[in-house]
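**Student:** sharing a sequence plus its predicted fold:
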Amino acid sequence: MLISGIKSRPEYHGLTIDPHARRQFFALGGEGALALLEKPELKDPEFLARAEVLYVAQGSQHSAALRSSGVAQYWEAPTIPTLLTRLQVTLSTAHMGLRLYTAGTEGLIGQVMQVGIDAGITFLSIRTEHRGSLARRISCVHCKGITENVTTSPFTCSHCGLTLLVRDHYSRRVGAFQGVCIDAEVPGDVPPTEELYK
Amino acid sequence: MTKRVDHQVEVVEIVQAADTVKRFRLKAVDGATLPYFSGGSHAVITMRGTDATGAPVIYRNPYSLMSSPTDPAYYEISVLRVPVSRGGSHFMHDQVKVGDRLSLSNPINLFPVVATGRKHIFIAGGIGITPFIAMMDGLAARGGTFELHYGFRSRSHGAYWQELQDRYGENRVKLYCEGEGQMIDVDRLLEHQPLGTNLYVCGPAPMIAFFTGKARQAGWPEENIHFEQFLAPPSGKPFLVKLRKSNVEFMVGQYQSILEAIEAQNIEANFLCRGGACGQCETAVCEMDGEIEHNDHYLTDDDRQSGKKIMICVSRFKGRELVLDL
């Protein structure tokens, strides 16, 4: 059971390229590489000269295509945390005119947006595209621990062990969905676990 | 429909702030405090005067509040004396005296400071300085980072530049006197601003178009570009309006807006800014035999092409008759 229809659920409108941006900055993960690789702008030398890519492959096979796409800068991170650190350092000295784009799983997008917002970027100006797994990054509202790649509801919090319900309630500050205890009134009265996504 | 609240205020001070600018200090008649507001807010002032023939006439104009947002004991507004007035500007300049009473709407903010912004750049042209005075006061009180770039025709035409530079210093307040050939180097200004900078422009329409266009070309996201301009309803040929629900018809005069003509029939219509900016007075068009002259900057191009919507505060009609859903 997934509780839907909550307004805070993020929407991802796709990587529409801002033709005027002075720096076109992409933070991509896994299948998110395709969101850039499918862009017609990759044939435009002026766009390529301004484009920079940070990528974490997460098991996907798009590194070679990105590396040879002609973008001015390409750097591949071994993990999401290293990608985020590199992004943070870049943004700390960046100026207006940089446009941030991010594509990949919701968990990656949420964390990239956190770094962007921390650096002062207006969150609505960050262009996002959801690619790859539908698995969610969920924060337990009770212990605040974060569990990555949740595919079932309810699920057991990997930090405090409470049984949590998966909902669309999202926190931009935490960059994660908010999981809430499902059996608070009658401990142990838990509906059967459903697989929401593969 | 939101209930309109009007505050009865008394003019307690009038200052000639520049060649063509007067500042009015307004206090509640009953001595109460006025509502708190945020920097960038405006209020609509209702003026009751008489026309050339001595018949009573009502003017309503929006004015930015320029007093300190932290002091609700009084409001201050500045009024530019325009060469050709529809009535309000000349009424405020020529008729209003200390001790007179006016009525004032609740403050409305369509031009707020972005609270999460890291830095704020204000660009003012002429009387467009007024919202920034309250915005800077609020920012200074909470230690925000800002700079003002203020252009005016001549030192005697520009209001408040001396006070502002004295208060905030030459680094934060940059002046550009057109008469002395000084110009803002906009490309340089936009080039090295840190992430999280917001740009705010207030002044004449071509100036707003110029600076917001430059910012977009420099790759600034739309979300970081803000502007405000109140349009005076343009004049034009009189035309016939019918209100379907109220079942009345009347002519809209040469210097009248549709909204003013509706109010003259004692019919209440929604409005907030009366300057084509806020969208409150959007009205459905039932039928028309002619063409709408859209003068607002609220409706989208699609809205305009549909011919189904009109902003009655500033837009006009060219044709035989216009039927509105009111």
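**Tutor:** Received it, and whenever you're ready, just let me know what you need.

**Student:** number of nearby residues for A:Ala64?
**Tutor:** 8 (other C-beta atoms under 10 Å in any protein chain shown). (Each C-beta comes from the backbone N, C-alpha and C, glycine too.)

**Student:** what helix or strand is it on?
**Tutor:** Remark: A:Ala64 resides in helix A:63-67, with elements defined by DSSP states H and E.

**Student:** packing partners for that helix?
**Tutor:** Under the contact criterion of 3 or more C-beta pairs under 8 Å, 6 or more residues apart in numbering or on different chains; DSSP states H and E, helix A:63-67 touches helix A:33-37, strand A:51-56, strand A:73-77.

**Student:** go through the next helix or strand after the last one and flag the buried ones.
**Tutor:** The reference is to strand A:73-77. Note on strand A:73-77: by DSSP H and E, the next helix or strand toward the C-terminus is helix A:80-92. Neighbour-count burial for helix A:80-92, counted by 16 or more other C-beta atoms under 10 Å in any protein chain shown, picks out A:80, A:83-84, A:86-87, A:90-91.

**Student:** one step back: figure out which of the helices and strands packed on helix A:63-67 is closest to B:Glu249.
**Tutor:** Closest to B:Glu249 of the helices and strands packed on helix A:63-67 is helix A:33-37 (C-beta to C-beta; 56.3 Å).

**Student:** got the contact list for that closest one?
**Tutor:** By C-beta atoms under 8 Å, 6 or more residues apart in numbering or on different chains, the surrounding residues in contact with helix A:33-37 are A:14-15, A:26, A:28, A:42, A:53, A:55, A:60, A:62-63, A:65-66, A:69, A:101, A:103, A:129, A:131.

**Student:** hang on, the earlier thing: give me the contact list for the helix holding A:Ala64.
**Tutor:** With C-beta under 8 Å, 6+ apart, helix A:63-67 has contacts from A:28, A:33, A:36-37, A:53, A:55, A:57, A:74, A:76.

**Student:** alpha carbons only: can I get it in PDB?
**Tutor:** Output of helix A:63-67 as PDB, limited to C-alpha atoms (Å, rounded to 0.1, in the frame of the first residue of the first chain):
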ATOM      1  CA  SER A  63      30.300   6.100 -18.900                       C
ATOM      2  CA  ALA A  64      32.000   5.600 -22.200                       C
ATOM      3  CA  ALA A  65      29.300   7.400 -24.100                       C
ATOM      4  CA  LEU A  66      29.300  10.400 -21.700                       C
ATOM      5  CA  ARG A  67      33.100  10.600 -21.800                       C
END
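
**Student:** save the helices and strands packed on helix A:63-67 as JSON lines, and put in mean pLDDT and mean neighbour count too.
**Tutor:** Formatted as JSON lines, the helices and strands packed on helix A:63-67 follow (pLDDT from 0 to 100; neighbours: other C-beta atoms under 10 Å in any protein chain shown):
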{"stretch": "helix A:33-37", "mean pLDDT": "98", "mean neighbour count": "21"}
{"stretch": "strand A:51-56", "mean pLDDT": "98", "mean neighbour count": "22"}
{"stretch": "strand A:73-77", "mean pLDDT": "98", "mean neighbour count": "15"}
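
**Student:** nearest to A:Val115, of the ones you listed?
**Tutor:** strand A:51-56 (10.6 Å).

**Student:** so how far is that closest one from its chain's centroid?
**Tutor:** Strand A:51-56 sits 14 Å away from the centroid of its parent chain (C-alpha atoms, centre = their mean, to the nearest Å).

**Student:** please identify the helix or strand for the closest residue in space to B:Ala269 that isn't next to it in sequence.
**Tutor:** Take B:Ala269 and drop its neighbours on the chain: the residue closest to it by C-beta to C-beta, 6 or more residues apart in numbering or on different chains is B:Ile262, 5.0 Å away. Under the criterion of DSSP H and E, B:Ile262 resides in helix B:258-264.

**Student:** which bits of chain B sit near chain A?
**Tutor:** With C-beta under 8 Å from any C-beta of the partner chain as the criterion, chain B meets chain A at residues B:114, B:116-118, B:190-197, B:216-224.

**Student:** among those, name the ones in helices.
**Tutor:** B:190-191, B:216-217 (DSSP state H).

**Student:** can you select the buried ones from the residues of chain B next to chain A in ChimeraX?
**Tutor:** In ChimeraX, this line selects whichever of the residues of chain B next to chain A come out buried by 16+ other C-beta under 10 Å:
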select /B:117,118,190,193,195,196,197,218,219,220,221,224
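
**Student:** could you list the low-pLDDT ranges of chain B?
**Tutor:** Within chain B, the ranges that satisfy pLDDT under 70 run B:1-4.

**Student:** which residue is nearest the centroid of it?
**Tutor:** The residue lying closest to the centre of chain B (C-alpha atoms, centre = their mean) is B:Phe230, at 3.6 Å.

**Student:** how about it, what does it touch?
**Tutor:** B:42, B:61-62, B:273-277.

**Student:** nearest to chain A among these?
**Tutor:** B:Ala277 (20.2 Å; C-beta to the nearest C-beta).

**Student:** SS state for B:Gly128?
**Tutor:** Applying DSSP: H, G, I helix; E, B strand; the rest coil to B:Gly128 yields a three-state assignment of helix.

**Student:** what does chain A have sitting close to chain B?
**Tutor:** So chain A meets chain B at A:18, A:20-23, A:91, A:94-99, A:119-122, A:124-125 (C-beta under 8 Å from any C-beta).

**Student:** ok, 10 Å please
**Tutor:** Applying C-beta under 10 Å from any C-beta of the partner chain, one finds that chain A approaches chain B through A:18-24, A:50, A:91-100, A:116-127.

**Student:** what about burial for those, which qualify?
**Tutor:** Buried subset of the residues of chain A next to chain B (neighbour count, 16+ other C-beta under 10 Å): A:18, A:21-24, A:50, A:91, A:94-100, A:116-117, A:119-122, A:126-127.

**Student:** which stretches of chain A have low pLDDT?
**Tutor:** Scanning chain A for pLDDT under 70 picks out the ranges A:1, A:198.

**Student:** what's the domain layout of it?
**Tutor:** Taking automatic domain parsing as the reference, chain A has its domains at A:23-130, A:134-195.

**Student:** as TSV, those with distance to B:Gly169 would be great.
**Tutor:** Below are the domains of chain A laid out as TSV (distance: least, C-beta to C-beta, whole Å):
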stretch	distance to B:Gly169
domain A:23-130	23
domain A:134-195	35
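
**Student:** gap between the residue in the stretch 51-200 of chain B that chain A sits nearest to and B:Arg216?
**Tutor:** Closest contact between the stretch 51-200 of chain B and chain A, by C-beta to the nearest C-beta, is at B:Gly196 (2.3 Å). Using C-beta to C-beta, to the nearest Å, B:Gly196 is found at 17 Å from B:Arg216.

**Student:** now B:Ala55
**Tutor:** Going from B:Ala55 to B:Arg216 by C-beta to C-beta gives 48 Å.

**Student:** which SS state does the residue in chain A that chain B sits nearest to fall under?
**Tutor:** Closest contact between chain A and chain B, by C-beta to the nearest C-beta, is at A:Gly120 (2.3 Å). Of the three states, A:Gly120 takes coil under three-state DSSP.

**Student:** one step back: without its sequence neighbours, what residue ends up closest to the residue of the stretch 51-200 of chain B closest to chain A?
**Tutor:** Using C-beta to C-beta, 6+ apart, the nearest residue to B:Gly196 is A:Gly120, at 2.3 Å.

**Student:** dump the residue contacts of that neighbour.
**Tutor:** A:91-92, A:94, A:96, B:116-119, B:194-198, B:224 (C-beta atoms under 10 Å, 6 or more residues apart in numbering or on different chains).

**Student:** any chance of the backbone angles for it?
**Tutor:** phi 100, psi 0 (degrees, to the nearest 10).
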